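>>> fold the following.
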Amino acid sequence: MTRKNDNKDNFELSDEELQKIVAEADTGGRKPTGLTANVLLVVALAWSLFQLWIASPLPFSLGMFVFNDTEARAIHLAFAVFLAFAAYPALKRSPRDRVPIQDWLLAGAGAYCAAYLFLFYRELSTRPGLPTDMDIATAVVGLTLLLEAARRALGLPMVILAVVFLCYIFFGPYMPDVIAHRGASLAKGMSHMWLTTEGVFGVALGVSTSFIFLFVLFGALLETAGAGAYFIKSAIALLGHMRGGPAKAAVVASASTGLISGSSIANVVTTGTFTIPLMKSVGYRADKAASVEVASSVNGQIMPPVMGAAAFLMVEYVGITYVQVMKHAILPALISYIALFYIVHLEALKMDLKGLPRREPLPWQKAVITTLMTFSGLVILSAVIYWGFGWIKDLFGDGAFIVVGVLMLIAYIFIVRHGAKYPELHLEKPGETMEYLPEIGPTLKSGLHFLLPVAALIWNLMVEQLSPALSAFWATLFLMFILVTQRPLFALFRGTGALGAATRQGFHDLLSGLVTGARNMIGIGIATATAGVIVGTVTLTGIGLAMTELVEVLSGGNLMIMLVLVAVICLILGMGLPTTANYIVVSSLMAPVIVELGAQSGLLVPLIAVHLFVFYFGLMADVTPPVGLASYAAAGIAKSDPIRTGLTAFGYSLRTAVLPFMFIFNTQLLLIGIDSSFQLVLTIVTATVASMMFAAATQGFFIARNRIHETILLLLVTFTLFRPGFWMDMLYPPYDEVAPTELSRLVEEAPRNGKLRIWIEGMSLEGRDISKGVLLPLGERGPARERLNAMGLTVMSLGDDVQIAAVRFGSQAEKLGLEQGFTITTIELPSGERPAKEWMFVPAFVLLGLVYAMQKPRQRRRETEAEA
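Predicted coordinates:
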């Protein structure tokens, strides 16, 4: 039960209750014993082993147990549905220590319906579009059981959303004119949703099957190995001495665990039980301590490489590689965390808070270096692997994989041998105080081997350029080896003996990690399948077009109003949804709205910018009261009011909310269109300063408390640094128009991965007159015909006109909304006479210097008064 404090507005959750919140949200609230527990363990273990099998090269090498995509998706969902009914209780009063007979029956029926496409794949392939009564009955029962599984695992919001869309399918003729459609029969609707790959078994579930499971399993194994405690302790050791140090450590620790976690709630509880009491101990108010943890933990969902499992969905929806998704997402995620770090610093300045003491003082030079290393650790590790060891691939070719594997094994043994000189890391229990910070050297060195599987993953992705699934498979295999061997090796090198017991514990850790990984996937598997209902409705009814028309009417054609409307709708749609389902819903419904209406207004941006825009605002619903479970869990640790915590966390998260508006207009923030190292450094520096100045403006404090005019100036500095082109566009036209007959020459001359702005006109297949701009992605250099064909486009010249002759199905050209028969009316090139927009940074920094000069005397007075 919840234990109330003397303050009636605050409440406290015990450690057991916190773990229960995480379990009910992520792995299922049941903890049965005896045979039932063994059944759940075996099923979860079988799911993990199945996923490892289909990701490995073995099925094709051995020629046995090869599953096609549809069969694999069906088995994947069968596991998820079975475990959802077995692990998640139906009601609050349902038993937690056993599985009732009715849940076993529902689990079996749900698994059968989900596996129907696998069990009868051959028969179904002989009668496409002609479902039998048995097919329809299975689809109806299966969809009903899926929604019940979603209710248990995800809560009511997801189910209500799915039911609304199902009603829309069957009652289309009775809807308001703006969203009305012909409707569908039960046979057509159920067949579309359950018997094809357009609905439940669509792309989203396919990504869950192919990619997401392996990365979630990788994170679960890393956590089981002890990486979570290592990241938290390392952050405390490095940053705990600063002003408000525990809060800064909480930001970095949550960013680190966010790299391997797909759950903001688990992130809050894992790091928060340690960092929130520390924040309170140095003077942070309870709700502020909780809010820092919430904001940093939710931000873990935008941090590559996992991004709450949405990164892999973006690969399919946007049509770019996984490495490109990580590249585009990394800078906004980093500057968002840096801004939160700065907010924490400002709060500490306002309250004159100190950090925790060290046993020995740390020189300031070392402090600066360790801080920079802490924030850019993943980037530095990636750069070291790519440029420092990439030559191995050039030297050994295909044999580099084996060479690097041997080097990794040798490095692992030497690192463990060196780490064994230092004591094993343990997190303090709730209620224990920390008098001194842990020493930096021993803390960092004791767990360096946890970075090796991450290094293996980066090597496979960036140097070997394997698929995300195969990269994760080999990295996970290496991590499994570490789990089994790390305890025996530490016992050997420390001379503690008991190698047999250590080995048994290693295998127990491996089993626990495999089971935890599968149970962590239950909610994600159910979420991607249920979100397939929304995707299937879009493809069956054309509601995406209706949403575009609705937003167009409401916005009156105004671009900024349209973007604000989309942001608000994404916030509403995202309430109560897990990250993966959240992204599927908002990207299916709202991303096409920005693409279509933005193109009509001249806003031509790459698809990745649009998808990140809707993703960010969908995620903001995780923070926003009254739904955010992360705020509830953090408030329980901090003994603060959950609503107040959620509102404070929302205020801290405003720096994340402003980013999408900036990168949608300035795609250099996504590292797009950057031509030189200088431009890259300039973009990173100015974006970081801009995010910090926005934090200073919204927190009302820079180096002293802001006055109203200073806040306005800081916001002006923020806007200019984020979007310098806005002011330059007022002085010089950004583009020159070129005749469409120049298309072939311009395509051929464009740089590698360049983009070309074109304007098209024509009548769509639905009979609508279209006039919009499109940004053509040109890929590798080559003849014009080849580059256009690579994106699925064929054009032909008719005198002074250039028409689209063909658009390949499923190509990038189709995703951009191009259709056969459209005419290219104009090509736009960047203006040759326009000065670089970066010149606008000069007045921005002058303004920033002015604000600094105005506040400096007040800062001196404040310091003098504090000393007195």
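>>> okay, now residue 836: neighbour count?
11 (other CB atoms under 10 Å). For every residue, glycine as well, the C-beta is placed using N, CA and C.
>>> look up phi and psi at it.
phi -60, psi 140 (degrees, to the nearest 10).
>>> how about residue 781?
Per degrees, to the nearest 10, the backbone of residue 781 is at phi -70, psi 150.
>>> now do the contacts for it.
750-752, 787 (CB atoms under 8 Å, 6 or more residues apart in numbering).
>>> ok, now how distant is it from residue 787?
8 Å (CB to CB, to the nearest Å).
>>> overlap in contacts, these two.
residue 750.
>>> grab the longest helix from the chain for me.
Ranked by residue count under DSSP state H, the longest helix found in the chain is helix 499-541.
>>> pull the residues that contact the helix or strand just after that helix.
The element immediately downstream of helix 499-541 (helix or strand, assigned by DSSP states H and E) is helix 543-555. Helix 543-555 is contacted by residues 165, 168, 178-179, 181, 537-538, 561-562, 565-566, 569, 588-590, 592-593, 596-597, 766 when judged by CB under 8 Å, 6+ apart.
>>> now do helix 543-555 against helix 499-541, angle only.
Angle of helix 543-555 versus helix 499-541, following axes from the mean of the first three to the mean of the last three CA atoms, to 10 degrees, is 70 degrees.
>>> list the helices and strands whichever helix or strand residue 292 is part of packs on?
Per DSSP H and E, residue 292 falls inside helix 286-299. Helix 286-299 is packed against helix 245-258, helix 264-281, helix 322-351, helix 629-638, helix 642-652, with contacts defined by 3 or more CB pairs under 8 Å, 6 or more residues apart in numbering; DSSP states H and E.
>>> give me the residues contacting stretch 81-88.
Against stretch 81-88 from outside (CB under 8 Å, 6+ apart): 24, 27-30, 39-40, 43-44, 47, 99, 103-104, 106-108, 110-111, 113-114, 145-146, 148-149, 152-153, 518-519, 522, 526.
>>> any of these buried? List them.
Neighbour-count burial (16 or more other CB atoms under 10 Å) applied to these gives 24, 27-30, 40, 43-44, 47, 99, 103, 106-107, 110-111, 113-114, 145-146, 148-149, 152-153, 518-519, 522, 526.
>>> hey, where'd the strands end up in the stretch 751-868 of the chain?
Along the stretch 751-868 of the chain, the stretches classed as strands by DSSP state E, counting those that start in this stretch are 755-763, 769-777, 793-798, 801-807, 823-830.
>>> does residue 667 touch residue 674 like I think?
No: Residue 667 lies out of contact with residue 674 (CB atoms under 8 Å); the separation is 9.5 Å.
>>> quick one, which of these two is more surrounded?
residue 667 (20 against 16).
>>> residue contacts, that one?
605-606, 609, 673.
>>> thinking again about what came up before, contacts for the helix or strand just after the helix holding residue 292, please.
With elements assigned by DSSP H and E, the helix or strand that comes after helix 286-299 is helix 310-318. With contacts defined as CB under 8 Å, 6+ apart, helix 310-318 is touched by 203-204, 206-207, 210-212, 215, 301, 304-305, 307, 320-322, 325-326, 329, 468, 579-580, 582-584, 587, 591, 607-608, 611-612, 615, 815.
>>> next one: stretch 143-159
28, 80-81, 84-85, 88-90, 106, 109-110, 113-114, 162-163, 166, 190, 193-194, 200, 522-523, 526-527, 529-531, 533, 575-578, 581, 627.
>>> can you say which of these are buried?
28, 80-81, 84-85, 88-89, 106, 109-110, 113-114, 162, 166, 190, 193-194, 200, 522-523, 526-527, 529-531, 533, 575-578, 581, 627.
>>> nearest residue to the middle of this structure?
By CA atoms, centre = their mean, the chain has its centre lying nearest to residue 307, at 2.0 Å.
>>> quick one: pLDDT of it?
Note on residue 307: pLDDT of 72.
>>> got the angle between the strand or helix carrying residue 220 and helix 264-281?
Element membership of residue 220, judged by DSSP H and E, is helix 213-225. Using the same axes, to 10 degrees, the inter-axis angle of helix 213-225 relative to helix 264-281 is 40 degrees.
>>> please export the C-alpha coordinates of helix 213-225 as CSV.
In CSV, the C-alpha atoms belonging to helix 213-225 read as follows (Å, rounded to 0.1, in the frame of the first residue of the first chain):
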residue,chain,number,x,y,z
PHE,A,213,13.7,-7.9,-30.1
LEU,A,214,17.4,-8.3,-30.5
PHE,A,215,18.2,-4.8,-29.3
VAL,A,216,15.9,-5.1,-26.3
LEU,A,217,17.5,-8.5,-25.5
PHE,A,218,20.9,-6.8,-25.8
GLY,A,219,19.9,-4.1,-23.3
ALA,A,220,18.4,-6.7,-20.9
LEU,A,221,21.6,-8.8,-21.0
LEU,A,222,23.8,-5.7,-20.5
GLU,A,223,21.6,-4.7,-17.5
THR,A,224,21.8,-8.2,-16.1
ALA,A,225,25.6,-8.1,-16.5
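>>> for the next helix-or-strand element following it, what is the distance to the chain centroid?
As assigned by DSSP H and E, the chain's next helix or strand after helix 213-225 is helix 227-239. Computed by CA atoms, centre = their mean, to the nearest Å, the chain-centroid distance of helix 227-239 equals 22 Å.
>>> equivalent analysis for stretch 692-703, please.
27 Å.
>>> that one: which residues count as buried?
Those would be 692-699, 701-703, for stretch 692-703 by 16+ other CB under 10 Å.
>>> any chance of those residues in a markdown table, plus distance to residue 496 and pLDDT?
A markdown table is the format used below for the buried residues of stretch 692-703 (distance: CB to CB, whole Å; pLDDT from 0 to 100):
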| residue | distance to residue 496 | pLDDT |
| --- | --- | --- |
| 692 | 48 | 90 |
| 693 | 53 | 92 |
| 694 | 52 | 90 |
| 695 | 48 | 88 |
| 696 | 52 | 91 |
| 697 | 55 | 91 |
| 698 | 52 | 88 |
| 699 | 50 | 87 |
| 701 | 51 | 89 |
| 702 | 53 | 90 |
| 703 | 52 | 87 |
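>>> in TSV: those, plus distance to residue 445 and secondary structure.
What follows is the buried residues of stretch 692-703, written out as TSV (distance: CB to CB, whole Å; DSSP: H, G, I helix; E, B strand; the rest coil):
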residue	distance to residue 445	secondary structure
692	32	helix
693	37	helix
694	37	helix
695	34	helix
696	37	helix
697	41	helix
698	39	helix
699	37	helix
701	38	strand
702	38	coil
703	37	coil
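>>> between those, which is closest to residue 414?
The nearest member of these to residue 414, counting by CB to CB, is residue 692 at 39.9 Å.
>>> ok, the closest one to residue 344 distance?
For residue 692 relative to residue 344 (CB to CB), the value is 12 Å.
>>> now swap in residue 561 and tell me
Taking CB to CB, one finds residue 561 at 34 Å from residue 344.
>>> low-confidence ranges, the stretch 1-150 of the chain, go.
Where the stretch 1-150 of the chain drops to pLDDT under 70, the residues are 1-28.
>>> strands of that one, start to end?
3-4, 11-12.
>>> my read: residue 250 touches residue 279, true?
Yes: counting by CB under 8 Å, residue 279 is a contact partner of residue 250 at 6.5 Å.
>>> who has more neighbours, the two?
Just comparing residue 250 and residue 279: by other CB under 10 Å the higher neighbour count belongs to residue 250, 32 against 29.
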